[in-house]
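Chemist: Kindly generate the corresponding structure for this input.
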Amino acid sequence: SSAEVVVGLVDEVGLDGDDLIRSASEPDNKVLLNHSTSAAVEAGVFGAPTFVVHHEAGEQSLYWGVDRFDFAVRAAAGDERLH
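Modeler: Numbering: from 1, shown residues only. Model prediction:
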C-alpha cells in the first residue's frame, strides 16, 4: 500500500517505478481499474488469482487459485471437459 515500496520493487527488477505510479494515478487508468473491478465482481470473482474463461456458447467458468491455472488455460483452449 506504500508507493515508495512499489517504486523500490519495480525499480529493483529494472523497470521505472516512478513511471508506473504516475501511470496508475492517471484518471483514465483509474476508470479502467474501476470497470475491471466491477466486471470481476459481476463474474463472481472472490479472490486472487481468479481466471474467468468465456466459452463460445456464452457461459463462463471461474478457476480460482494458482493451482488451477493449467485448467483455465486448457478450458480457454477449448477443452470441453473443463466446463
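
Chemist: Stretch 66-81 - what's its average pLDDT?
Modeler: For stretch 66-81, mean pLDDT rounds to 92.

Chemist: Look up phi and psi at His54.
Modeler: phi -100, psi 120 (degrees, to the nearest 10).

Chemist: Ok, Ala48 next?
Modeler: The phi/psi pair for Ala48 (degrees, to the nearest 10) is phi -130, psi 140.

Chemist: which residues touch it?
Modeler: Listed by C-beta atoms under 8 Å, 6 or more residues apart in numbering, the contact set of Ala48 is empty. Backbone N, C-alpha and C define where each C-beta goes, glycine included.

Chemist: what does Gly78 give?
Modeler: Neighbours of Gly78 in contact, by C-beta under 8 Å, 6+ apart: none.

Chemist: element containing it?
Modeler: If you go by DSSP states H and E, Gly78 is not part of any helix or strand.

Chemist: Next one: it relative to Ala57, how far apart?
Modeler: Using C-beta to C-beta, to the nearest Å, we find Gly78 at a distance of 12 Å from Ala57.

Chemist: same thing with Val73?
Modeler: The value you get for Val73 to Ala57, if C-beta to C-beta is used, is 19 Å.

Chemist: Give me the below-cutoff pLDDT ranges for the protein.
Modeler: Along the chain, segments meeting pLDDT under 70 are nowhere present.
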